[in-house]
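Enquirer: Generate coordinates for the sequence data below:
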Amino acid sequence: MPVFFMGTFTPKLDEKGRLFLPAKFRDRLSEGVVVTQGQENCLVVWPEDTFMAEAQRAQQTPLTSRGARDYARVLFGGAEPGVPDKQGRISISPLLRAYAGLTRDVVVIGVMDRIEIWDPTRWHDYSAVAQAKFAELDEDPAAQS
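Expert: The predicted structure follows:
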């Protein structure tokens, strides 16, 4: 049975740009991670094996597809592999911190097979819109007429 990441946490980056991973995520990430740019200006932390599966999926797309080329460039161009230290910290490079607008306070969310790291203001703004859309979801075709 796969292990899914779930929950919302508010750790802080230390003065060296290191993030204490939430304790409940550490076992799954202990073998290695890849941190890269995510959509909506967040960072994505993949377990290394999950990132490699995503890389293989991306490799199957044709080079003639502009969207596939763009995706691969962003996904791999900003990717940084690492291994959490004994205290469960990972380093976030200045380049990735700048991309996501991260300073000291961050929001970490579990999103199934990955975790995301957000600037708190960006997360609040994004989450408010997404929650409003979620509240309005209706798959009943009769309700859409």
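Enquirer: For the rest of this, base every contact and every neighbour count on C-alpha atoms.
Expert: Noted.
Enquirer: Report all helices and strands that the least confident helix or strand in the chain by mean pLDDT contacts.
Expert: Within the chain, no helix or strand scores below helix 66-77, which has a mean of 87 by mean pLDDT, DSSP states H and E. Helix 66-77 sits against strand 33-37, with contacts defined as 3 or more C-alpha pairs under 8 Å, 6 or more residues apart in numbering; DSSP states H and E.
Enquirer: in its sheet, what does the strand it packs on sit against?
Expert: strand 43-47 (antiparallel), strand 80-82 (antiparallel) (DSSP bridges).
Enquirer: returning to what we had before: please spell out which residues along the least confident helix or strand of the chain are buried.
Expert: Neighbour counts using 16 or more other C-alpha atoms under 10 Å place Arg69, Ala72, Leu75 of helix 66-77 among the buried residues.
Enquirer: for the residue nearest in space to the middle of the chain, what are its contacts?
Expert: Nearest to the geometric centre of the chain sits Val44, at 2.1 Å (C-alpha atoms, centre = their mean). By C-alpha atoms under 8 Å, 6 or more residues apart in numbering, the contact set of Val44 is Val35, Thr36, Gln37, Gly38, Arg114, Ile115, Glu116, Ile117.
Enquirer: what does Thr10 give?
Expert: Thr10 touches Asp105, Val106, Val107, Val108, counting by C-alpha under 8 Å, 6+ apart.
Enquirer: on that earlier part again, what comes into contact with the least confident helix or strand of the chain?
Expert: Contacts for helix 66-77 (C-alpha under 8 Å, 6+ apart): Thr36, Gln37, Gly38, Ala58, Thr61, Pro62, Leu63.
Enquirer: Who does the second one form a beta bridge with?
Expert: Beta-bridge partners of Gln37, counted by DSSP bridges, are Leu43.
Enquirer: so it touches Glu80, yeah?
Expert: No - applying C-alpha atoms under 8 Å, one finds Gln37 not in contact with Glu80, separated by 9.7 Å.
Enquirer: Quick check: neighbours shared by these two?
Expert: By C-alpha under 8 Å, 6+ apart, no residue touches both Gln37 and Glu80.
Enquirer: if I look at the closest residue to Lys16 other than its chain neighbours, how far off is Pro84?
Expert: Closest residue in space to Lys16, ignoring its immediate chain neighbours: Ser91 at 7.8 Å, by C-alpha to C-alpha, 6 or more residues apart in numbering. Plainly put, Ser91 is 8 Å away from Pro84 if you go by C-alpha to C-alpha, to the nearest Å.
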